[in-house]
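Q: my questions are about this predicted structure, shown below with the sequence.
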Amino acid sequence: MSRTLYPLAVDLRGKPVLVAGGGPVAARKLTELLRCGADITVIAPEPGPAVERLASALRLIKRPFKSGDELGRYLVFACTNDTAVNHEIATLCARGNILCNVADASAEGTFHVPGVVRKGEVTVTVSTGGAAPGLTRHLKRLLSETLGDETAGLTAILGRFRAELKSGPDAGRAAAILESLPYRKLLEDLKSRGAAAVERFLGDTLAKGADVAKGATDIPPVSLVGAGPGHPGLLTMLAAEALRKAEVIIHDRLIPEETLQLASPDCLLIAAGKRGHFESARQEDIQKQLVEHALSGKRVVRLKGGDPFVFGRGWEEVLALEAHGIPWVAIPGVSSTTAGPTWAGIPLTHRGLARSFAVMSGMAYSQTNTEIPKADTIVLVMGLQRLAEIVPAFLAQGWSGETPVAAIQNATLPDQRVCLSTLAEIRAETVRLGFDSPTLLVIGDVVGLAGKNTANNRSHQRQP
């Protein structure tokens with residue numbers, strides 16, 4: 001029969017507690033009981049080494065449990081390796097209305113110990129009612145990961161703030177001010193910007209009252225998140241966490257559906273619609289949406305392919321946010337400029353062959369710098385549509401027409417295609433094979449390592 005247990009946090013300082021048993025289970029109980037300041041008696045005929053090491057901090061009686069040992073105890077833990085003895089202890093405690101915990105048979109006792117997660121003064125417990133201890137331990141680990149170390153730090157800061165608030169002129173409004181604090185933002189600020197930023201905010205709140213907590217300062221930072229080169233498995237853990245917490249996601253067109261499914265069902269998804277040499281969403285409109293949703297107090301993620309600051313116009317969006325006083329954080333992504341070649345089996349450097357590589361954009365080639373970077377390997381992004389002018393520039397600046405070249409379309413995705421050719425032939429070959437954006441090109445001798453004869457103009461797919 002299932003039981004509905006009442007969750008209770010108990011002050012055990014100085015309370016008489018009996019632990020019957022001296023094995024590993026008893027030792028685990030003792031560690032937490034000592035932390036709570038209980039007055040502990042252990043009764044065990046042959047206590048194990050872990051219990052012996054704690055003997056100086058408790059009362060250790062080396063004999064078997066006997067009737068009457070339970071009398072006068074606040075709590076009793078039956079942890080012997082004899083189920084009959086544990087049952088006897090539980091029966092005696094029930095007669096005397098003494099709370100009893102029975103190891104490995106929680107239904108026989110009157111209470112059980114939940115999984116505990118401590119972060120400073122913060123204590124969180126999780127319980128499955130004794131039905132699934134393994135699941136309890138798993139949930140405890142998840143909670144510990146979710147409640148970062150910043151939780152303890154914020155608790156300490158807020159404790160001081162609360163004391164100042166209650167002793168100041170706003171003491172009568174303390175409850176309202178504390179209720180209106182942006183706790184989620186404070187945790188994020190403590191983690192990303194440090195204690196000084198949180199203390200400044202609370203100092204302003206203390207000086208100006210509850211209106212500060214309800215005002216424009218309660219704007220969660222916009223997250224500029226790199227989604228990686230495309231394959232959902234190459235998304236970073238921080239990026240996945242940001243997507244799960246987002247209330248609004250403004251994403252590039254090429255973000256896979258599997259990545260977007262990490263967002264909560266209530267999250268507003270807005271497609272920015274950008275695609276290589278085509279552009280269906282103006283950058284100014286994207287920035288306007290970022291600002292509007294952020295100022296409304298939403299947790300906004302700008303999800304960009306690759307890394308937000310590598311040919312992603314991420315810094316333009318940062319400038320727009322800062323112009324409106326909106327905080328921001330950047331979460332790096334795996335850039336397609338390195339991941340694409342690696343996924344295709346092409347090293348960008350190799351001892352004795354190439355010791356440097358450079359990345360260049362073909363989008364604005366003729367408008368900015370027409371000099372080819374001085375490097376052994378060149379990664380060319382957004383250049384497929386401009387090979388007619390870029391290839392001659394390479395040849396004019398001393399590159400051989402026989403230089404191996406790889407064109408990689410849809411890098412890291414299931415429909416990835418790789419064309420191996422030469423600098424002189426790559427444009428004609430990609431046209432023949434119908435290559436389209438997004439395609440990046442790798443130019444240099446390292447491409448020859450991907451096949452014995454790069455002039456074979458092979459096209460192949462790499463399975464994920």
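A: That came through fine.
Q: residue nearest the centroid of this structure?
A: Centroid check for the chain by CA atoms, centre = their mean gives L238 as the closest residue, at 3.6 Å.
Q: can you get me a residue count around A131?
A: 12 (other CB atoms under 10 Å). Glycine gets a C-beta too; all of them are placed from N, C-alpha and C.
Q: same question for the one 4 residues further on.
A: Around L135 sit 13 other residues, with neighbours defined as other CB under 10 Å.
Q: quick one: end-to-end length of stretch 339-353, please.
A: Terminal residues of stretch 339-353 lie 20 Å apart, using CA to CA, to the nearest Å.
Q: residues contacting D82?
A: Applying CB atoms under 8 Å, 6 or more residues apart in numbering, we find D82 in contact with no residue.
Q: report pLDDT for it.
A: Each residue has a pLDDT score; the one for D82 is 93.
Q: again, but for the one 10 residues further on
A: The score at L92 is 96. That number is its pLDDT.
Q: again with G228
A: So G228 comes in at 92 (pLDDT).
Q: secondary structure class for E46?
A: coil (DSSP: H, G, I helix; E, B strand; the rest coil).
Q: how many other residues sit next to it?
A: There are 11 residues near E46, going by other CB under 10 Å.
Q: ok, now how distant is it from D104?
A: Distance, E46 to D104, by CB to CB, to the nearest Å: 19 Å.
Q: kindly report the same for T439.
A: 62 Å.
Q: comparing those two, which shows the higher neighbour count?
A: T439 (23 against 13).
Q: ok, back up a step: thought the residue nearest to the centre of the chain was touching I331?
A: Yes: contact criterion CB atoms under 8 Å: L238 and I331 qualify, at 4.9 Å.
Q: shouldn't the residue nearest to the centre of the chain be within a helix?
A: Yes: counting by three-state DSSP, L238 is part of a helix.
Q: just list the residues touching it, thanks.
A: Contacts of L238 (CB under 8 Å, 6+ apart): I331.
Q: again with the one 5 residues further on
A: Residues in contact with L243 (CB under 8 Å, 6+ apart) are 225, 249, 259-260, 262-263, 301, 303.
Q: redo that, cut-off 6 Å
A: L243 makes contact with 262-263, according to CB atoms under 6 Å, 6 or more residues apart in numbering.
Q: secondary structure element for it?
A: helix 237-245 (DSSP states H and E).
Q: swap in E429?
A: helix 426-432.
Q: mind listing what's buried in that helix?
A: Neighbour-count burial for helix 426-432, counted by 16 or more other CB atoms under 10 Å, picks out 426-427, 429-430.
Q: give the other helices and strands that that helix contacts.
A: Applying 3 or more CB pairs under 6 Å, 6 or more residues apart in numbering; DSSP states H and E, we find helix 426-432 packed against strand 417-422.
Q: and with 7 Å instead?
A: Here helix 426-432 touches helix 387-396, strand 404-409, strand 417-422, going by 3 or more CB pairs under 7 Å, 6 or more residues apart in numbering; DSSP states H and E.
Q: and it, what's its mean pLDDT?
A: On average, helix 426-432 scores 94.
Q: how much space separates L449 from A344?
A: L449 is 11 Å from A344, by CB to CB.
Q: more crowded one of these two?
A: Taking other CB under 10 Å, L449 and A344 do not tie; A344 has more neighbours (22 against 15).
Q: what's the residue lying closest to Q397 once chain neighbours are set aside in contact with, if anything?
A: Once flanking residues are discounted, Q397 sits nearest to I372: 5.0 Å by CB to CB, 6 or more residues apart in numbering. Neighbour list for I372: 378, 393-394, 397 [criterion: CB atoms under 7 Å, 6 or more residues apart in numbering].
Q: tell me the buried residues within those.
A: 378, 394.
Q: take the contacts of I372 and lay them out in CSV including pLDDT and distance to L234.
A: Listed next are the contacts of I372 as CSV, based on pLDDT from 0 to 100; distance: CB to CB, whole Å:
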residue, pLDDT, distance to L234
I378, 95, 23
A393, 89, 32
F394, 92, 30
Q397, 91, 34
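Q: tell me the one among the contacts of I372 nearest to G23.
A: I378 (66.3 Å; CB to CB).
Q: so P347 versus L449, what's the distance?
A: From P347 over to L449 (counting by CB to CB), the distance is 6 Å.
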